[in-house]
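> Sequence and predicted model, in that order:
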Amino acid sequence: MPPASSFHLNGYAIKPGEQKLTRLVISKLPSGTVIDVPVHVFRAVEPGPTLLLMGGMHGDEVNGIEIIRRLVRRELLRPLRGSIIAIPILNIYGFLNFSREVPDGKDVNRSFPGFPRGSLAGRVAHRFMREIMPLIDYGIDFHTGGAARANYPQVRCQLGVDPEVDALAAAFAAPFTLHAALRPGSFREAAQGLGKRTIVYETGESLRLDEPGIEEALAGTLRVMHHLGMGPAGPEPVRPSIVCRRHTWLRARFAGLFRAHVENGQFVEKGQIYGSVADPYGQQSVRLESPVSGYVIGLNHMPVVNQGDALLHLAVPE
């Protein structure tokens, strides 16, 4: 953690007790329009840890963007000690194009640590690693389900490796806490390699606001701030988080029209019918049985499916 008197970002020296909105210039569109990433910084007078709150790693995942927007707008990011860096949208390109990726088709969250003369996604990741990553101690990366798949509110992290990460997830207290291995090229992998403790929060689906999941995130973020000594106690969780080290996607064995018979958050018994896939001509319909018992934490809302498409994400509780 850098000393309180030497907090430098994007060429600015931000003193204890100050707050600032700065913009990291990434590149330009072919039209010449500058693409920059707005970054909010909130500093307390008292020294303490630096917490990163980041949304919009994938431009079509609007729930994380809305979560940080509300935290900023409601003036909830005023730390009692330490600093908060809030980035509502990292992938401005994807946000403008309603897309997960940047224009070169690459995923920023598979491009860390990046390269200054690499692909556009790699350049975004490199600028983040140069400007933001050295300053932070902890982070919450807000995400959303993609491709018409809706996620039930959940925290993902590597459980049982770092007690501080486990404590961060427990403090957030999402309805579900999942063990998730690190993915090559991800922000979480890059952060762990530098000793930065981070968790991922998932809720809803792309291009749709999920109000219950947004409210869960607001409360969870305040609880994390309190856990780190940065703020007052947040709202008590409605129920204890369900910890699951095993989770699996059930995939379509047949192509056709999918209808789900269960809802997100519901517990499904082994052998229970969770949906059906029918051909579009009224000739055949196949009922789908769950091979395991678990909670529905992800559900495909796309009715037209191909063989191998992910239909249902089940978390198996301990």
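Perfect, I can see it now.

> where do the strands sit along the stretch 101-250 of the chain?
138-145, 149-157, 176-179, 197-205, 242-244, 246-251 (DSSP state E, counting those that start in this stretch).

> Mind listing the strands the very next helix or strand once past the last one pairs with, and their directions?
Using DSSP states H and E, the next helix or strand after strand 246-251 towards the C-terminus is strand 256-260. Strand partners for strand 256-260, identified by DSSP bridges, are recorded as strand 273-278 (antiparallel), strand 304-305 (antiparallel).

> Over to Phe42. Which of the three states is it?
Secondary structure state of Phe42, per DSSP: H, G, I helix; E, B strand; the rest coil, is strand.

> Okay, and the beta partners of it?
Counting by DSSP bridges, Phe42 is bridged to Gln19, Ile84.

> where's it relative to Leu52, distance?
12 Å (C-beta to C-beta, to the nearest Å). C-beta coordinates here come from the backbone N, C-alpha and C atoms, glycine included.

> list residues touching both of those two?
Contact criterion C-beta atoms under 8 Å, 6 or more residues apart in numbering; residues shared by Phe42 and Leu52: Ile84, Ala86.

> ok so, going back, between the strands paired with strand 256-260, which one is nearest to Leu9?
Leu9 sits nearest to strand 304-305 of all these, at 45.3 Å, using C-beta to C-beta.

> picking that back up, and the strands paired with strand 256-260, which is most packed in?
Stretch with highest mean neighbour count among those: strand 273-278 (a mean of 18; mean count of other C-beta atoms under 10 Å).

> hey, C-alpha coordinates of it in PDB?
The C-alpha trace of strand 273-278 is given here as PDB (Å, rounded to 0.1, in the frame of the first residue of the first chain):
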ATOM      1  CA  ILE A 273     -37.300 -32.300 -14.700                       C
ATOM      2  CA  TYR A 274     -35.700 -28.800 -15.100                       C
ATOM      3  CA  GLY A 275     -36.900 -28.100 -18.700                       C
ATOM      4  CA  SER A 276     -37.500 -29.500 -22.200                       C
ATOM      5  CA  VAL A 277     -36.100 -29.100 -25.700                       C
ATOM      6  CA  ALA A 278     -38.600 -29.500 -28.500                       C
END
